[in-house]
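Asks: build me a model from this:
(3 chains)
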Amino acid sequence: MTWDVLNIIGTIAFAISGAIVAMREDYDILGVQVLGFTTAFGGSTIRNLLIGIPIENIWQQGDLFIVVFLTIIVIFILPNQWLQYWDKWGFLFDAMGLASFAMQGALSAVQIGAPLSAVLVAATLTGSGGGMIRDVFAGRKPMIFREEIYALWATLGGLMIGLGFIQGPWSTGALFVAIVILRMLSVHFKWRLPQHSVS
Amino acid sequence: MTWDVLNIIGTIAFAISGAIVAMREDYDILGVQVLGFTTAFGGSTIRNLLIGIPIENIWQQGDLFIVVFLTIIVIFILPNQWLQYWDKWGFLFDAMGLASFAMQGALSAVQIGAPLSAVLVAATLTGSGGGMIRDVFAGRKPMIFREEIYALWATLGGLMIGLGFIQGPWSTGALFVAIVILRMLSVHFKWRLPQHSVS
Amino acid sequence: MTWDVLNIIGTIAFAISGAIVAMREDYDILGVQVLGFTTAFGGSTIRNLLIGIPIENIWQQGDLFIVVFLTIIVIFILPNQWLQYWDKWGFLFDAMGLASFAMQGALSAVQIGAPLSAVLVAATLTGSGGGMIRDVFAGRKPMIFREEIYALWATLGGLMIGLGFIQGPWSTGALFVAIVILRMLSVHFKWRLPQHSVS
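Replies: Here you go, the predicted structure:
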């Protein structure tokens, strides 16, 4: 149940995020659909691949496919003045995808009895995987590791789950909201992690 | 049988297409081979991954490996005046790969009893996956969603198969030829899908 | 045993190589970790995927995860004057990753009874896969097929293994050292394979 809700939220959020990037890159309507779908289900695909769930299971989500399709159509036809607010909203949807996929990745790793180090890796890679796929397929340099703190919140969410602090819907919901808020605060206050540039 | 023919045509067509892109990007002979192989078998790999066919099955195609290897060698040593005609031929081979992989993706999804929405996604992603992998590995911005209509023909082919209109070799061959012709007409007449650019 | 040693050497070498590229691209500390991990385990993931080893097996390497994590931390905090020597060292670690993953890819293909052509492809793609993933995720044009001879040494290593010349730890070690030296000589003497540029 928790799993399903997280999966649906994350999938739709990444679909919107992928569609917006595709529109910025001048993709046509089908390209917007494909980049939306790839971003939305790329996250699930990486997660399934990494933790051994058969990938063909994604085909059983026929209803979710239709929801994603219609969502992307709506994004595509929204008037431009609405889209001016997208920078903020784009960050929000991306943060929701980050939070839900990170938590799913961590929960899956815990379920198969992986060690804590693997739970952290699973949370980080499934949380940030959708965004990396989106940027790579859009021909963009992936920005998520050079700008405001992003994947760290996925890692910390994985830590909370890996240590067993998250049990039941209330703490799950609280962790989801916390990750989204921390990500939005990072953007707002331009929080950054240390860099060590090599010339 | 139909499956095998489509697989061989698509694999060779994408191998040639990948080799030509690699030569344009100044890859050396081994790079031309690797990009040719990645483009050729990347399509099959994505398809197998998405529909649950074990990926290691591709290793049983030893003969196809040799055919692809020799085909790419021939492309590499063709004299330059022949290659001046490649722009047109490159589009043709790419269109053949698009058609055959789209149809294979759709047939596979039908075989495992996926809903129609999933058949469309499978056709679109397996048809356009080879080209996306090729462009990403060549360090190019994927162009297939910004220029003349490309993946839509994969989607429509998937629709025909998903609705059960395609039965037996004659209708299969007709659909293959139709997708190739529609793609070539798109290039020739510069047919485009609507775009909605966000500044 | 041989397998384990090759896997550990290759994983750490590619982790260092990915971390250095990430630092050059101004990634933050988490980005350096993620690109290091992706490069290190991306090679294993491609290999597992291509030869049918369940991918979730990588989660059983909890100790290797910790070693990789600490290695990348050390690379990140090394003072700049040390890093001036990195160009040379970067090539060395990359060469070690190339050699060990190429040999693992070939050994795996032999184990599942693949034909010689498939052994060559497995060696080439698993050897060069880590570097391709690293460059793609760093938003770089993959250079390994345009500059000094790289993947050819993976292919030749695969040939030696596929023909059954490599048996036991001594010949395995000798092949590893030979591939590393040939790669370093390629860089030093700027050995290149033929190119055929299409304007």
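Asks: what about the nearest residue to A:Tyr150 once chain neighbours are set aside, neighbour count?
Replies: Spatially, and ignoring its direct neighbours in sequence, A:Tyr150 is nearest to A:Ile144 (4.5 Å; CB to CB, 6 or more residues apart in numbering or on different chains). C-beta here means a position set from N, CA and C on the backbone, and glycine is covered the same way. Look at A:Ile144: counted by other CB atoms under 10 Å in any protein chain shown, it has 22 neighbours.
Asks: with A:Phe189 instead?
Replies: For A:Phe189, the number of neighbouring residues by other CB under 10 Å comes to 10.
Asks: can you pull the buried residues of the longest helix along chain A?
Replies: Taking DSSP state H as the criterion, chain A has its longest helix at helix A:86-111. Under the neighbour-count criterion of 16 or more other CB atoms under 10 Å in any protein chain shown, helix A:86-111 has A:86, A:90-110 buried.
Asks: how about the residue nearest to A:Tyr150, what does it touch?
Replies: A:128, A:131-132, A:135, A:150-151, C:31 (CB atoms under 8 Å, 6 or more residues apart in numbering or on different chains).
Asks: alpha carbons only: can I get the lowest-mean-pLDDT helix or strand in chain A in PDB?
Replies: Lowest by mean pLDDT, DSSP states H and E among the helices and strands of chain A is helix A:80-83, with a mean of 73. Only the C-alpha atoms of helix A:80-83 are listed here, as PDB (Å, rounded to 0.1, in the frame of the first residue of the first chain):
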ATOM      1  CA  ASN A  80       2.600  29.700 -21.600                       C
ATOM      2  CA  GLN A  81       1.600  32.100 -18.800                       C
ATOM      3  CA  TRP A  82       1.000  29.100 -16.600                       C
ATOM      4  CA  LEU A  83       4.300  27.600 -17.600                       C
END
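Asks: most neighbours out of the contacts of A:Ile144, which is it?
Replies: Neighbour counts for the contacts of A:Ile144 peak at A:Ser128, which has 30 neighbours (criterion: other CB under 10 Å).
Asks: my guess is that one contacts A:Leu98. True?
Replies: Yes - using CB atoms under 8 Å, A:Ser128 is in contact with A:Leu98, at 7.0 Å.
Asks: what residues are shared contacts of the two?
Replies: With contacts defined as CB under 8 Å, 6+ apart, the residues adjacent to both A:Ser128 and A:Leu98 are A:150-151, A:154.
Asks: and those residues as JSON lines, adding distance to B:Phe69?
Replies: Shown next, in JSON lines, are those (distance: CB to CB, whole Å):
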{"residue": "A:Tyr150", "distance to B:Phe69": "42"}
{"residue": "A:Ala151", "distance to B:Phe69": "40"}
{"residue": "A:Ala154", "distance to B:Phe69": "42"}
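Asks: in helices only, show me the residues you listed.
Replies: A:151, A:154.
Asks: quick check, nearest of the shared contacts of A:Ser128 and A:Leu98 to chain C?
Replies: Of all the shared contacts of A:Ser128 and A:Leu98, the one with the least separation from chain C (CB to the nearest CB) is A:Ala151, at 5.3 Å.
Asks: could you measure from that closest one over to B:Ser128?
Replies: Separation of A:Ala151 from B:Ser128 (CB to CB, to the nearest Å): 28 Å.
Asks: nearest residue to the residue in chain A positioned nearest to chain B other than its sequence neighbours?
Replies: Going by CB to the nearest CB, chain B is nearest to A:Gly31 of chain A, at 2.3 Å. In this structure, A:Gly31 finds its nearest non-sequential neighbour in B:Phe145, 2.3 Å apart by CB to CB, 6+ apart.
Asks: in three-state terms, label the one you found for me.
Replies: coil (DSSP: H, G, I helix; E, B strand; the rest coil).
Asks: for it, give me its contacts.
Replies: A:22, A:27-28, A:30-32, A:34-35, B:151.
Asks: between the residues you listed, which has the most around it?
Replies: For the contacts of B:Phe145, neighbours tallied by other CB under 10 Å; top is A:Ala22, 32 neighbours.
Asks: test my guess that it contacts A:Ala40.
Replies: No - if you go by CB under 8 Å, A:Ala22 and A:Ala40 don't touch, sitting 11.9 Å apart.
Asks: quick one: low-confidence ranges for chain A?
Replies: Along chain A, segments meeting pLDDT under 70 span A:1-3, A:83-84, A:86-88, A:143, A:199.
Asks: what residues does it have near chain B?
Replies: A:20, A:22-32, A:34-35, A:37-38, A:45, A:49, A:54-56, A:58-62, A:65-66, A:69, A:76-77, A:80, A:83, A:86, A:136-139 (CB under 8 Å from any CB of the partner chain).
Asks: just the buried members of those residues?
Replies: A:20, A:22-25, A:27-32, A:34-35, A:37-38, A:45, A:49, A:55-56, A:58-59, A:61, A:65, A:69, A:76, A:83, A:86, A:136-139.
Asks: sitting in helices, which of these do you find?
Replies: If you go by DSSP H, those have A:20, A:22-24, A:29-32, A:34-35, A:37-38, A:45, A:49, A:65, A:69, A:76, A:83, A:86, A:136-137 in helices.
Asks: burial count for A:Gly18?
Replies: Residues near A:Gly18, counting by other CB under 10 Å: 35.
Asks: next one: A:Ala174
Replies: Counted with other CB under 10 Å, A:Ala174 comes out at 12.
Asks: same thing with A:Lys141?
Replies: Residues near A:Lys141, counting by other CB under 10 Å: 12.
Asks: shouldn't it be within a helix?
Replies: No - if the criterion is three-state DSSP, then A:Lys141 is coil and not within a helix.
Asks: ok, it - contacts?
Replies: A:Lys141 is in contact with A:135, C:25, C:138-139, counting by CB under 8 Å, 6+ apart.
Asks: do that again at 6 Å, thanks
Replies: A:Lys141 makes contact with C:Gly139, according to CB atoms under 6 Å, 6 or more residues apart in numbering or on different chains.
Asks: having no further points to raise, I will conclude here.
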